[in-house]
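Undergrad: need coordinates for the below:
(one chain, ligands or ions: 1)
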Amino acid sequence: MDLYQPSKEFAERANLRAGADYEALISDARSDPEGFWEQIAESELHWFRKWDSVLDDSEHPFYKWFVGARTNMSFNCLDRHCQTERRDRPAILWEGERGDRRELTYQQLLEAVQRFSNVLKARGYRAGDRAILYMPMVPELPVAMLACARLGIIHSVVFAGFSSEALKTRILDLDASLVVTADGGWRRGKVVPLKQAVDEALDDCPGVRDVIVYRRTRSEITMQQGRDSWWDDLEAGVPADCPAEELDSEHPLYVLYTSGTTGKPKGIVHTTGGYQLQVSMAMRWVFDIKDEDIYWCAADIGWVTGHSYIVYGPLLVGTTTVIYEGAPDYPGPDRFWSLVDRYKVNVFYTSPTAIRAFIRFGDEYPGRHDLSSLRLLGSVGEPINPSAWEWYHSVIGGGRCPIVDTWWQTETGSIMISPVPGVTALKPGSGTFPLPGISADVVDGEGRPVKPGGEGYLVVRKPWPSMFRTLWGDPERFIETYWSQMPGLYFVGDAARKDEDGYIWVLGRVDDVMNVSGHRLSTAELESTLVRHTAVAEAAVVGMPDELTGQAVIAFVTPIRGNDPTDELAAELRDWVAQQIGKFCRPKQIRFSDALPKTRSGKIMRRLLREIVTTSRVTGDITTLEDLSVINRLAAQQDEERDGD
Ligand code: PRX
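TA: Okay, the predicted model is just below:
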C-alpha cells in the first residue's frame, strides 16, 4: 500500500512537527496524563478559578475533569479574542442557500450573543434550565448556542431534518422549557416548515413556556399568544452587554441525542472544561489551524461534528468558520467548490458520503473553480474507501493537501484517532493513530490488545477530557451500554483492525446501529416505528452496503394478515418512517416476508439478515472497508454473550 508522507512545505509550517514536538507530547501524555492535560489547559484557555484537581476518577465511570475550576465556553470563544486585535477578524462567514451573505466579526458576534443572552435572562432563564434549538443553519443558531453557554442554560440542538415526533421526544426527555426556532429554513430551494413542526410537537409538551422565532423565510406561520415571540421583537432596545457566568468546569454545556441499540435515543451529556480543552487541541493538532486560516466544516450544526467543529472548536482558537445554509448540490453540483473559491478556504472538512456524491457528479464541477487555497482536507463520520480518498486527494486537494481521516463519536465529543498532518504518513482508509493523550486501542473479547495484523473491538482505556459524562436521566444505561462490556474500558461499539505497522482501520459498528451517510440510525428505533404502523406485525431492519451512503436501510416486514405485500404498502411504509423520524431515515427498500429468522429465545437474528442483504449485491471497493465477515463474527459473539443462546 502506498504511504503518503507529509510534504516538506507542509511539515515545515505545521503546528506539530515530527521529532521533538510530537514525540515529546506523546511521551509526556504517556508518563503523566493528568500533568499533560493540566499544562495545556493552563496555556490554552481562560479559567476564572483554577482547579483543585485535574481528574476525579473516584466514581468510575462518572469521571470529572478540572474539578473545582470555574470557566465559561462563551467567554473562551468570544470575550477572550475581543480583548485582542482578533476582535475585528471575521468569526463567521455565512452564505445562505439562495446566495445571501453575512460576515460577523468576533466583536459583532460577541454583541449579538450578549444581546440574546439578555433576552433569555429577561425571560427568566438561568443556569441549569434546558433549551431546545430547532433552527436552520443561520448565524443565529451559533448565537443561541453561545448565549445559552454564556448563562449556563443547557442547550440541545435538534437537527432541522427531524420530524415533529422526534422533536417532541427530545423536548419531553429533556423537560425543556424553551424552544428557539425559525419560521422556516431553506433546503434545495424549498422552505422547511420548522415552526409548524414545533407547533405540532408542543401539543403534547406542556412544560414549554416560550418559543422564540427567528424570521428567516417569511413564510406564513401561526404565533400562539403568550407562548410565541419573534426574535427581533424581543431584542429591540436590549443592551449588548451581558457578562459570562462563572460556571463550574463540570456544568453541562449541552445534551445531544444520538441513536443507540434500543428504540429510545440517548441524551449524550457534555460538560464544559474538559470539552473545550480537547476540542481546542484538535483544532491545533489535527486541523493545524493558523491565525490567518479560513476554515470550513461542511457538516450540519445539528450533529456533533457541527457542535465541535463548526461552532465551538473554530471559535475557541479564534479562526474564521465558514457556515453554509443549504444543500451541496444547489443550485448546481459545484456549490461547495464555489464556496471554497469565494472564501479562499484553507482547511475543508466533510464526510465520505459527500465525497462519493461529488465523484458521481463528475470532475468538471470542481474543475470550474480555483481550489488552490486549500492546504488540508478532513473526513469524518464513516470509513472512507480508498478510491474516494484518492479522488479527494487528487481532484480536490490537487495532490498537495494531506487528508486527516478523523475517527470519533458523539460520545467522545472530540477527535480521538487521526493523522497529525505534518507528522503522520497516511494510508488511504486508515485513521492511523490515537492523538496525544488518547489511549484508544483494538482488543479481543477479553480486553487484550490484538497483535499487529489482528482485528477486534475498538476501546478507550483511560478517561479523556471531552468524554461524555452520562446519559441524560439514565445513568444505568450509561454504565450498561458503554462500561459493562469490557471491565474498566470504554466500549466504543466499532470493530477495527490494527495492521502490521500499528495503523488503526475502523471497520464499522458491531452493534445494532447503522451508519447512513455518516448519520447514526438505530435499528430498534426504526423497527419500533414500523410496528406502530397499522399494517405491520413485525419488522427487522439491517444496513446494506451502499456505494453512495455507506449503508442503506433495508427493512424486512411481516404484514398483519389481510394486508397485501404490495408496492403501494412498501411506499407507504417508507413514507411513514420519514414522517415519524425524518426524511434521512427513509428505508431504501422494504422486503416483505412471512416470518423473520429468530433465536430460540425469540431474538431476531439480524446477523443472518445482514448476510442476506450483503451477499446478494455488493459493488465497488466499499466491501474492503465494510468487512462484514469481521463485523458479523464480532456481532455474533456479542449476541451470544448477551443471549446465552
Ligand atoms: O462507527 C463510527 C463512525 O461513526 C460513529 C459515530 O457516529 P456519530 O456519533 O454520529 O458521530 C459521527 C461524527 C463524529 C463511530 O462509532 N465513524 C465516525 N468517524 C469515522 C467513523 N468510522 C470510520 N472512520 C471514521 N473517520
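
Undergrad: residue contacts, the residue at the greatest distance from the centre of the chain?
TA: Centroid-distance maximum for the chain: residue 562 at 42.4 Å, with CA atoms, centre = their mean. Contacts for residue 562 (CB atoms under 8 Å, 6 or more residues apart in numbering) come out as none. Any C-beta I mention is one placed from the backbone N, CA and C, and that applies to glycine too.

Undergrad: from the ligand, how far off is it?
TA: The gap separating residue 562 from the ligand is 39 Å, by CB to the nearest ligand atom, to the nearest Å.

Undergrad: and if you look at residue 215?
TA: 31 Å.

Undergrad: shouldn't that residue be in contact with residue 184?
TA: No: applying CB atoms under 8 Å as the test, residue 215 and residue 184 come out as separate, 9.4 Å apart.

Undergrad: more neighbours: which of the two?
TA: Legend: neighbour count by other CB atoms under 10 Å for residue 215 and residue 184, higher for residue 184 (25 against 15).

Undergrad: what does the pLDDT read for the more buried one?
TA: On pLDDT, residue 184 comes in at 97.

Undergrad: returning to that earlier point: that's a strand at the residue farthest from the centre of the chain, yeah?
TA: No: with DSSP: H, G, I helix; E, B strand; the rest coil as the criterion, residue 562 is assigned coil and is not in a strand.

Undergrad: quick check: phi and psi at it.
TA: phi 100, psi -10 (degrees, to the nearest 10).

Undergrad: one more: residue 11?
TA: Dihedral pair for residue 11: phi -60, psi -40, per degrees, to the nearest 10.

Undergrad: that one: how many residues sit nearby?
TA: So residue 11, with other CB under 10 Å, has 17 neighbours.

Undergrad: correct me, but it touches residue 420?
TA: No: Residue 11 is not in contact with residue 420 according to CB under 8 Å; the separation is 10.4 Å.

Undergrad: how close does residue 447 get to residue 510?
TA: 15 Å (CB to CB, to the nearest Å).

Undergrad: more neighbours: these two, which one.
TA: Counted by other CB under 10 Å, residue 447 and residue 510 do not tie: residue 510 has more neighbours, with 26 against 17.

Undergrad: do I have it right that that one meets residue 494?
TA: Yes: between residue 510 and residue 494 there is a contact at 6.7 Å, judged by CB under 8 Å.

Undergrad: mutual contacts of the two, please.
TA: What both residue 510 and residue 494 touch, as defined by CB under 8 Å, 6+ apart, is the set residue 457.

Undergrad: could you pull out the strands for the stretch 451-600 of the chain?
TA: 455-460, 470-471, 490-498, 504-509, 513-516, 519-522, 536-546, 550-559, 589-592 (DSSP state E, counting those that start in this stretch).

Undergrad: as JSON lines, those with distance to the ligand, mean neighbour count and mean pLDDT would be great.
TA: Listed next are the strands of the stretch 451-600 of the chain as JSON lines, based on distance: least, CB to the nearest ligand atom, whole Å; neighbours: other CB atoms under 10 Å; pLDDT from 0 to 100:
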{"stretch": "strand 455-460", "distance to the ligand": "8", "mean neighbour count": "23", "mean pLDDT": "96"}
{"stretch": "strand 470-471", "distance to the ligand": "13", "mean neighbour count": "22", "mean pLDDT": "98"}
{"stretch": "strand 490-498", "distance to the ligand": "5", "mean neighbour count": "23", "mean pLDDT": "95"}
{"stretch": "strand 504-509", "distance to the ligand": "4", "mean neighbour count": "22", "mean pLDDT": "93"}
{"stretch": "strand 513-516", "distance to the ligand": "5", "mean neighbour count": "22", "mean pLDDT": "90"}
{"stretch": "strand 519-522", "distance to the ligand": "4", "mean neighbour count": "23", "mean pLDDT": "90"}
{"stretch": "strand 536-546", "distance to the ligand": "11", "mean neighbour count": "22", "mean pLDDT": "91"}
{"stretch": "strand 550-559", "distance to the ligand": "9", "mean neighbour count": "23", "mean pLDDT": "93"}
{"stretch": "strand 589-592", "distance to the ligand": "22", "mean neighbour count": "17", "mean pLDDT": "94"}
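
Undergrad: could you pull out the helices in the stretch 401-550 of the chain for me?
TA: In the stretch 401-550 of the chain, the segments counted as helices under DSSP state H, counting those that start in this stretch are 475-478, 523-531.

Undergrad: so which residues on the stretch 251-400 of the chain come close to the ligand?
TA: For the stretch 251-400 of the chain, the residues in contact with the ligand (CB under 6 Å from any ligand atom) are 258, 304, 305, 380, 381, 382, 383.

Undergrad: now do the first one, the pLDDT please.
TA: This points to residue 258. The model's pLDDT for residue 258 equals 95.

Undergrad: I'd like to know how many residues surround it.
TA: Applying other CB under 10 Å, we find 20 other residues in the vicinity of residue 258.

Undergrad: please apply the same query to the second one.
TA: Neighbouring residues of residue 304 were enumerated by other CB under 10 Å; the total is 26.

Undergrad: residue boundaries of the strands in the stretch 151-300 of the chain?
TA: Under DSSP E, counting those that start in this stretch, the stretch 151-300 of the chain gives strands at 154-157, 178-182, 185-187, 190-192, 210-214, 228-230, 247-248, 252-258, 266-271, 294-297.

Undergrad: right, so of those strands, which gets closest to residue 95?
TA: Closest approach to residue 95 among the strands of the stretch 151-300 of the chain (CB to CB): strand 294-297, 10.2 Å.

Undergrad: tell me which helix or strand comes right after the closest one.
TA: Reading on from strand 294-297 to the C-terminus, the next helix or strand found by DSSP states H and E is helix 304-306.

Undergrad: now do that next one, average pLDDT.
TA: 98.
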